[in-house]
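> sequence-free structure coming up:
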């Protein structure tokens, strides 16, 4: 090689570029260039300098940066992405600048200040599969960061990256959009780790010998997290972060290092008839010592007392001072009746599948809960959500007044319950009271940013308004909150397809199919992962496998209108127009106003829009619903 001295070295490479840059420039070149220049000068360049990074080169929409420290590189990337989220809050969705970042630790060739080689190529490919506003890193980066930053990593498995010979294990950094927690600066980690009152509650292990009891052990874990989160003097790692460890064999010290916390609570639950055994142990990761451990072998009716005792034992051991209102909040269970509580937990588990059969089953669970405890606010919210979903997404005959009544009952019983506000918001939307519904959904997000229902409902609302960019943000949040959620990732494939963002479409389709496969393995009788998985596979171009999954979904639930719609979308993408139209012929005449608005923006149906059958069925239903001026067929 000519033109200067050549050397090799091991270094950390950060590659970043702007998602949808060509679209932004074509919309308003001058404004995009000015905004990008401002972000660089005010946020990006200062953060790189503060973390001892060296900008190797810049392109029109991206940059290549070298760091001597892996930790500094990741910390810098997290600060940039959080800073960009704040800067984008009041910017119109179609004008937002969002970066994708990839980071790799690898060998590079250095010449005249520039860097080349496999290490750079891997970082560039990682950037290409990162979501807008996201960070993807290699396993080598993940390993080196482990003990130093308060960040969670989602293992995406081994990925075949373009023009890279070997598969690369990829991790996505979880930046919880609803949290105000900031990553801990590298220089301050060791000192703060030893003094911060910070704790992670690992998912309690189900020891009942029955996988169907997972809902109960998960519910206990969530409630303990909720109770501890009410204490102002204690930092508690969010549910969505700790549940990434569910079902994995982990070492407590490793978990503490990865999450940047000092204390870890782990335990187990064994439920047998009317008896329950719960074990718990609080570990100081600084020295591996057990600060507290206990076993509770009691009647099921004592479950709330046990949860309260565990919470107070932790508070006592960590010497946290409770304010009077915090003490009262911790002592107040959502219901006094353990049977009602059990029915509620089971109902919530069923409801998240969103299929007609599971929604009806969930509704029965919630109804039984309120029969046992007429003052159980969460259960009333659950009933309202089931009825809203059955009416709006499955075209079932449900009383709209009844939905409003149930959601109002939940709010009256607990005005500060985020679940009640989310249910009320969806109920108001069903009753065409959009402005009021938006207020309630935003209130739910304010009260509990990590509430799955609030993020999912709000994302769907934004989609039907055509706010696809914002819809993607909240679908991503929903997918982060529940690591087993395959619905949001697969909906994101359609959102990003509509936005013309091919890499993001494929990335979320891949993530969605991986989650759907796990769900179908656990519940082969459930049509939801099958018909949604068919859609993801169609987006990935796996035609025969997509058709197999579509056929499976139709065989499992031949009358599920929602399943028909998703299979029709898959057929549309695959080019099977007549099969798609045959299914839509049964679906469209039953569409609600919300479904027709979804219909309007769903890019999965674009291959069909010029077909005479499609135009006829669409215009007929739009006219029946009084939407002629709003929907162009």
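Received the coordinates, thanks. Since this is a predicted model, take the numbers as computed values, not measurements.

> need the residues that contact the host helix or strand of residue 402.
Taking DSSP states H and E as the criterion, residue 402 maps to helix 400-413. The contact list for helix 400-413 (Cβ atoms under 8 Å, 6 or more residues apart in numbering) reads 375-378, 380-381, 383-384, 387-388, 391, 417, 419-421, 423-424, 426-428, 430-431. (C-beta placed from N, C-alpha, C; glycine too.)

> okay, residue 369: pLDDT?
The confidence metric pLDDT takes the value 95 at residue 369.

> contact partners for it?
Contacts of residue 369 (Cβ under 8 Å, 6+ apart): 335, 340, 341, 343, 344, 347, 376, 379, 382.

> model confidence over stretch 473-484, on average?
Stretch 473-484 shows a mean pLDDT of 85 in the predicted model.

> buried ones in that stretch?
Neighbour-count burial for stretch 473-484, counted by 16 or more other Cβ atoms under 10 Å, picks out 473, 474, 475, 476, 477, 478, 479, 480, 481, 482, 483.

> starting at the chain centroid, how far to that stretch?
1 Å (Cα atoms, centre = their mean, to the nearest Å).

> can you tell me what sits against that stretch?
Here stretch 473-484 makes contact (Cβ under 8 Å, 6+ apart) with 131, 133, 154, 174, 176-178, 239-240, 243-244, 246, 352, 450-452, 455-456, 458-459, 462, 485, 488-489, 491-492, 495, 508, 511, 515, 518-519.

> walking through the stretch 1-150 of the chain, point out its strands one by one.
Applying DSSP state E, counting those that start in this stretch to the stretch 1-150 of the chain gives strands spanning 6-18, 53-58, 62-67, 99-111, 114-116, 135-138.

> return the most buried member of the ones you listed.
strand 135-138 (a mean of 28; mean count of other Cβ atoms under 10 Å).

> I'd like to know how far the closest residue to residue 110 other than its chain neighbours sits from residue 417.
Distances taken as Cβ to Cβ, 6 or more residues apart in numbering put residue 7 closest to residue 110, at 4.9 Å, once the chain neighbours are dropped. As for residue 7, its distance to residue 417 is 61 Å (criterion: Cβ to Cβ, to the nearest Å).

> check residue 313 too.
For residue 313, the distance to residue 417 - Cβ to Cβ - is 26 Å.

> neighbour count for the two, which is higher?
Neighbours were counted for residue 313 and for residue 417 using other Cβ atoms under 10 Å; residue 417 has more, 22 against 17.

> wait, that one sits on residue 378?
Yes. The criterion here is Cβ atoms under 8 Å, and residue 417 meets it with residue 378 at 6.9 Å.

> follow-up on the earlier one: lowest-confidence entry in the contacts of residue 369?
Ranked by pLDDT, the contacts of residue 369 bottom out at residue 335, which has 82.

> check contacts around that one.
Counting by Cβ under 8 Å, 6+ apart, residue 335 touches 341, 344, 369, 373, 375, 376, 378, 379.

> now name the helix or strand holding it.
Using DSSP H and E, no helix or strand contains residue 335.

> quick one: it from residue 368, how far?
12 Å.

> for residue 400, same thing?
Distance, residue 400 to residue 368, using Cβ to Cβ: 23 Å.

> could you do residue 553 as well?
In this view, residue 553 and residue 368 are 29 Å apart by Cβ to Cβ.

> higher neighbour count, the two?
residue 553 (28 against 18).

> poorly predicted segments of the stretch 151-300 of the chain, please.
Applying pLDDT under 70 to the stretch 151-300 of the chain flags the ranges 176-196.

> where does pLDDT dip in this structure?
Those would be 1-6, 147-148, 176-196, 322, 326-331, 633, if you go by pLDDT under 70 across the chain.

> who's in contact with stretch 495-514?
Here stretch 495-514 has contacts from 19-20, 23, 128-132, 156-157, 463, 468-469, 471-472, 475, 479, 486, 489-490, 492-493, 532-533, 536-537, 539-540, 601-604, using Cβ under 8 Å, 6+ apart.

> gap between the longest helix seen in the chain and the chain center?
Longest helix in the chain, counting residues (DSSP state H): helix 502-522. Relative to the chain's own centre, helix 502-522 is displaced by 13 Å; criterion: Cα atoms, centre = their mean.

> return the set of buried residues in that helix.
Neighbour-count burial for helix 502-522 flags 503-513, 515-516, 519-520 (criterion: 16+ other Cβ under 10 Å).

> let me know the secondary structure of residue 610.
Under DSSP: H, G, I helix; E, B strand; the rest coil, residue 610 falls in the coil class.

> okay, now it: neighbour count?
With other Cβ under 10 Å as criterion, residue 610 counts 8.

> next one: residue 249
5.

> that one - that's part of a strand, no?
No. Counting by three-state DSSP, residue 249 falls outside a strand, being coil.

> next, give phi and psi for it.
Main-chain dihedrals, residue 249, degrees, to the nearest 10: phi -90, psi 110.

> identify the residue nearest residue 517 in space, chain neighbours excluded?
residue 533 (7.0 Å).

> next, the contact list for the one you found, please.
Applying Cβ under 8 Å, 6+ apart, we find residue 533 in contact with 486, 490, 512, 513, 516, 517, 520, 549.

> OK, contacts around the residue lying closest to residue 98 once chain neighbours are set aside?
Nearest residue to residue 98 in three dimensions, chain neighbours excluded: residue 132, at 3.9 Å (Cβ to Cβ, 6+ apart). Residues in contact with residue 132 (Cβ under 8 Å, 6+ apart) are 19, 20, 98, 99, 100, 472, 501, 504.

> many thanks, I have nothing further to ask.
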